[in-house]
Structure formats: C-alpha cells, structure tokens
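Novice: generate a structure from the sequence data that follows.
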Amino acid sequence: MSLAPPEARGPLRRERLRTARLYFVCEAMPGGRDPEALLHAALTGGADIVQLREKDLPREEIERAAQTFRRLCDTHSALFVVNDDPWLARSCDADGVHVGQDDSSPAEAREVLGPEAIVGLSTHSEEQLAASASQPVDYVSVGPVWETPTKAGRPGVGLGLVEHAAAGAPHPFFAIGGIDPGNAADVVAAGAQRLGVVRAIRDAKDPAAIAEALRGALAPLGEAAPGG
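Specialist: This is a model prediction of the structure:
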C-alpha cells in the first residue's frame with residue numbers, strides 16, 4: 001500500500017513526474033531473481049520512476065512482486081507504474097499505468113484508475129505523437145530510439161523523432177530504446193530531458209553506477225527540473 005495519504009496522491013504524483021529524469025523498466029523477477037536488490041540499486045542511483053513490465057508470469061506472482069516495487073518506490077520517493085493493464089495497476093496500488101498503442105486505450109485506463117493516476121503512452125512516430133495531444137495522458141515515451149530486443153521486431157526510430165518531440169511534444173516525454181551511458185549524451189543532445197532504460201540498468205554488474213552515469217548524461221541540462 002502506498003504511504004501517501006489519499007488526498008495528496010494526485011498532486012504528489014504529478015510533481016514527481018514533473019521533476020523525473022530517469023525511468024527504469026523492469027520485470028517482476030529480473031533474471032529469475034527477487035527484484036529487491038536491483039530495484040534498490042536503480043533507485044539509489046537515481047531512477048525516479050519504475051515500471052513493472054511483465055508479460056509471462058501468472059497474475060498472482062506479478063502482484064506479489066508488485067509489493068516490493070511499491071515499497072521500494074515509496075522508500076525512495078519514486079513513482080511506481082505498471083505496464084499495459086489498468087486493472088492490474090489498481091490491484092497493485094500503483095501510481096499509474098503505461099499503455100502501448102495496442103493495449104488498453106488511455107481513455108479506458110483513465111476511466112479505470114481515475115483522475116489522480118498517472119497514465120503514460122508509447123509513441124513510435126510523429127503521427128502517434130501528434131495524436132497523443134487529444135489523449136488523457138500525463139507523459140509519453142518516444143522510441144525505440146535504437147532497435148532493442150525488448151521490443152523485438154520494432155525498428156528504431158532514430159534521433160530524428162527525439163528531435164521532433166523536443167521541438168513540440170504535447171506532453172512530457174521520455175526517450176527510450178537502446179539507451180545506455182555510451183550513447184545517452186547523444187540522446188540528450190537531440191533534445192531529450194528524460195531517459196528511459198531497461199537493459200542498461202537491469203543487466204549491469206553495478207546497476208547503481210549505471211543509473212548514476214545516465215543521470216550524469218543529463219547533467220548539462222542543469223539542476224532545474226524538466227517541468228512540463
């Protein structure tokens with residue numbers, strides 16, 4: 001259960017989203033292991049949002065793992081988001097849900113979770129980014145910047161879409177897809193103020209150090225929150 005009082009959840013969630021820089025996506029049991037150590041490292045290193053993205057495990061196991069996600073995100077004052085399923089997000093007491101173009105619609109997610117929840121949407125093209133302007137979402141992801149096994153079969157959109165989003169995305173956006181400390185500076189130079197990663201942190205020998213390095217790539221933007 002979230003530690004935030006009900007009357008504070010909506011404004012607190014949006015303020016945390018406003019200031020968020022680093023978004024980490026993680027399975028319920030990364031590498032078949034309990035997620036606690038990895039999540040603690042990622043959050044200690046600077047992750048502001050953690051998404052539980054699980055396609056394979058039974059719902060009961062996902063909900064069990066979600067208790068760890070929820071507790072650690074509260075401990076680190078971070079947002080906890082569930083992928084695809086607003087009903088699962090509600091049962092896990094998540095701060096919100098992230099949906100893809102082929103998942104539950106943002107409108108359905110908003111109806112299930114209510115006005116105080118955070119709703120995110122994946123976008124992969126200029127057209128999808130423009131269409132998000134009329135959707136009840138709080139942020140979008142833009143990518144995959146580079147092709148990644150996390151999104152098998154989906155080609156990378158390149159830095160051009162990041163530049164397009166930076167020039168006038170209708171919502172705050174996180175660039176995602178194949179980003180790591182070796183190329184994060186290029187993504188930031190293209191205009192991204194927020195980064196999303198999966199493998200860079202999940203598969204690292206020192207996840208906290210990688211999270212810190214990714215935050216370091218954002219350092220040229222200054223200490224001010226991205227806003228928006």
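Novice: strands along this structure, start to end?
Specialist: Per DSSP state E, the chain carries strands over the ranges 22-26, 49-52, 79-83, 96-99, 118-123, 139-142, 173-176, 195-197.
Novice: now those as a markdown table including distance to A167 and mean neighbour count?
Specialist: Placement of C-beta: from N, CA and C, glycine included. A markdown table is the format used below for the strands of the chain (distance: least, C-beta to C-beta, whole Å; neighbours: other C-beta atoms under 10 Å):
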| stretch | distance to A167 | mean neighbour count |
| --- | --- | --- |
| strand 22-26 | 21 | 25 |
| strand 49-52 | 24 | 26 |
| strand 79-83 | 26 | 25 |
| strand 96-99 | 23 | 27 |
| strand 118-123 | 14 | 26 |
| strand 139-142 | 12 | 24 |
| strand 173-176 | 11 | 27 |
| strand 195-197 | 18 | 27 |
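Novice: so which of these is nearest R154?
Specialist: strand 118-123 (9.8 Å; C-beta to C-beta).
Novice: partner strands of that closest one and their direction?
Specialist: Strand pairing for strand 118-123, determined by DSSP bridges: strand 96-99 (parallel), strand 139-142 (parallel).
Novice: roughly how far is that strand from the heart of the chain?
Specialist: 9 Å (C-alpha atoms, centre = their mean, to the nearest Å).
Novice: what angle do that strand and strand 22-26 make?
Specialist: If you take axes from the mean of the first three to the mean of the last three C-alpha atoms, to 10 degrees, strand 118-123 sits at 80 degrees to strand 22-26.
Novice: against Y23, how distant is N83?
Specialist: As judged by C-beta to C-beta, to the nearest Å, N83 and Y23 stand 12 Å apart.
Novice: who touches both of those two?
Specialist: Taking C-beta atoms under 8 Å, 6 or more residues apart in numbering as the contact rule, N83 and Y23 both touch Q51.
Novice: how about the strands of the chain in CSV, adding distance to E60 and mean pLDDT?
Specialist: Output for these, formatted as CSV (distance: least, C-beta to C-beta, whole Å; pLDDT from 0 to 100):
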stretch, distance to E60, mean pLDDT
strand 22-26, 18, 98
strand 49-52, 14, 98
strand 79-83, 15, 98
strand 96-99, 19, 98
strand 118-123, 25, 98
strand 139-142, 28, 98
strand 173-176, 29, 98
strand 195-197, 28, 98
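Novice: now those strands in JSON lines, please, with extra columns for distance to H40.
Specialist: Listed next are those as JSON lines, based on distance: least, C-beta to C-beta, whole Å:
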{"stretch": "strand 22-26", "distance to H40": "12"}
{"stretch": "strand 49-52", "distance to H40": "11"}
{"stretch": "strand 79-83", "distance to H40": "14"}
{"stretch": "strand 96-99", "distance to H40": "22"}
{"stretch": "strand 118-123", "distance to H40": "22"}
{"stretch": "strand 139-142", "distance to H40": "24"}
{"stretch": "strand 173-176", "distance to H40": "22"}
{"stretch": "strand 195-197", "distance to H40": "17"}
